[in-house]
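S.K.: Predicted model and sequence follow; I will ask about them next.
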Amino acid sequence: MRFNPKARLDTSRTRDVGGSGAGGGMGGGGMRIPIPGGTKAGGGIGGVLVIVLFLVLTQCVGGGTGGIQLPDTGLDTQRFQGTDTGRYAQCKTGQDAQDSTDCARVAVENSLTSYWSDALPAQSGKAFHPESSIQTFSGATGTGCGNATAQVGPFYCPTDETIYLDTSFFEDVLQKQLNGPAGDFVEPYVLAHEYGHHIQNLLGTMGQVRTQQGPNSDSVRLELQADCYAGMWTNAATSTDNAQGEPLILELSQDDIKQALEAAKAVGDDRIQQQTTGTVNKEQWTHGSAAARMKWFQVGYSQGSLKACDTFAPATVE
């Protein structure tokens, strides 16, 4: 992935609130996941990590409004709102994005906003506005959907239209615990998926979700559609520009596409179940199989349209 060194970046929607210093886990809402290859002590079982699976498996959509409700941790939401640490203040140009993962995050947000500001109204007739922010944190933070800790993977909260991300997720969970890929395009794929949820929020798609589990459940269809939307952006990423009309991304390689597909594969429900429990139970799926996640990313990438990404239309999405 190569950014345009001349492009100016807009940091107004990317913020960081730092660490909370809070301990503890997600309370009763987390999912207990054995760590593959965990260290054994005294002949006992391997280590256990309490996390909410990638993109938040505790999704609750109802009442016709849609959205995610994180489990109540007993933490004070206001305590973790935090103020901007200025982490992204140095991100001025595409060259900064080329040199810094933090600044690359800003550039990807700018590119996603550029793409969807044109694609959404052109293809749906719906008005577009960008997400409120991408907010990074460490430890814990308050959100419009409840309290989030570091054990929660990247997620979009429709209540405050914000994408939340603990940046340690990619190394500590995706790579080490789920044996997922490393690479410069893994995080952009994740951010594009979460931005896809913002587009679903603007379209009202989240209000269609009723069934929460199963290979063809509404929850799975919602997640696969977000993967498809991520593919749409990826295909058009090199045509996005900033407010001055300067291209933001100059090149995406086949290796970038491979990284996105490998990341999608790593977070398939069947892959996670096999990795962490040794068994696969389709009736517990909430995000779709590895094959389906890769398939729908490729549909978005190859066809580039909201219509092609209508995962709610076919009888089966697997």
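M.R.: Thanks, I have the structure now.
S.K.: Next, count neighbours for S12.
M.R.: S12 has 12 neighbours, counted by other C-beta atoms under 10 Å. Just so you know, the C-beta spots here come from the backbone N, C-alpha and C atoms, and that holds for glycine as well.
S.K.: try H129
M.R.: Going by other C-beta under 10 Å, the residues that sit close to H129 add up to 12.
S.K.: helix or strand for I134, which one?
M.R.: Using DSSP states H and E, the element containing I134 is strand 133-138.
S.K.: ok, the following helix or strand past that strand: who's next to it in the sheet?
M.R.: Following strand 133-138 in sequence order, the next helix or strand is strand 140-143 (DSSP H and E). For strand 140-143, the pairing partners within the sheet under DSSP bridges are strand 146-149 (antiparallel).
S.K.: Sketch out the low-pLDDT regions of the stretch 1-150 of the chain for me.
M.R.: Across the stretch 1-150 of the chain, the ranges flagged by pLDDT under 70 are 20-82, 150.
S.K.: got the residue ranges for the helices in it?
M.R.: Here the stretch 1-150 of the chain has its helices, by DSSP state H, counting those that start in this stretch, at 94-99, 101-124.
S.K.: can you redo these as JSON lines with distance to N147 and mean neighbour count?
M.R.: Shown next, in JSON lines, are those (distance: least, C-beta to C-beta, whole Å; neighbours: other C-beta atoms under 10 Å):
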{"stretch": "helix 94-99", "distance to N147": "31", "mean neighbour count": "20"}
{"stretch": "helix 101-124", "distance to N147": "23", "mean neighbour count": "21"}
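S.K.: Include distance to E161 when you put the ones you listed into CSV, please.
M.R.: Formatted as CSV, those follow (distance: least, C-beta to C-beta, whole Å):
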stretch, distance to E161
helix 94-99, 23
helix 101-124, 12
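S.K.: which residues sit in contact with L306?
M.R.: Counting by C-beta atoms under 8 Å, 6 or more residues apart in numbering, L306 touches A119, L120, Q123, S124, M232.
S.K.: Please repeat the previous calculation with a cut-off of 6 Å.
M.R.: Counting by C-beta atoms under 6 Å, 6 or more residues apart in numbering, L306 touches Q123, S124.
S.K.: before we move on, the earlier item: nearest approach to V209 belongs to which of the helices of the stretch 1-150 of the chain?
M.R.: With respect to V209, and counting by C-beta to C-beta, the nearest of the helices of the stretch 1-150 of the chain is helix 101-124 at 18.5 Å.
S.K.: which secondary structure elements does that closest one contact?
M.R.: Applying 3 or more C-beta pairs under 6 Å, 6 or more residues apart in numbering; DSSP states H and E, we find helix 101-124 packed against helix 94-99, helix 186-203, helix 218-236.
S.K.: Any idea which of those gets closest to V317?
M.R.: That would be helix 218-236 among these, by C-beta to C-beta, at 5.5 Å.
S.K.: Now do the same for K295: helix, strand or coil?
M.R.: Per DSSP: H, G, I helix; E, B strand; the rest coil, the secondary structure class of K295 is helix.
S.K.: Let's see the pLDDT reported for V173.
M.R.: On the pLDDT scale, V173 is placed at 78.
S.K.: Distance check, it against V186.
M.R.: 12 Å (C-beta to C-beta, to the nearest Å).
S.K.: just R105 next, same as before
M.R.: 12 Å.
S.K.: coming back round to it: including distance to N4, could the helices and strands packed on helix 101-124 go into CSV?
M.R.: Output for these, formatted as CSV (distance: least, C-beta to C-beta, whole Å):
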stretch, distance to N4
helix 94-99, 4
helix 186-203, 15
helix 218-236, 15
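S.K.: And those: which comes nearest C145?
M.R.: helix 186-203 (11.6 Å).
S.K.: chain center to the closest one, what's the gap?
M.R.: 6 Å (C-alpha atoms, centre = their mean, to the nearest Å).
S.K.: Contacts only, for D16.
M.R.: For D16, counting by C-beta under 6 Å, 6+ apart, the contacting residues are T85, R87, T136.
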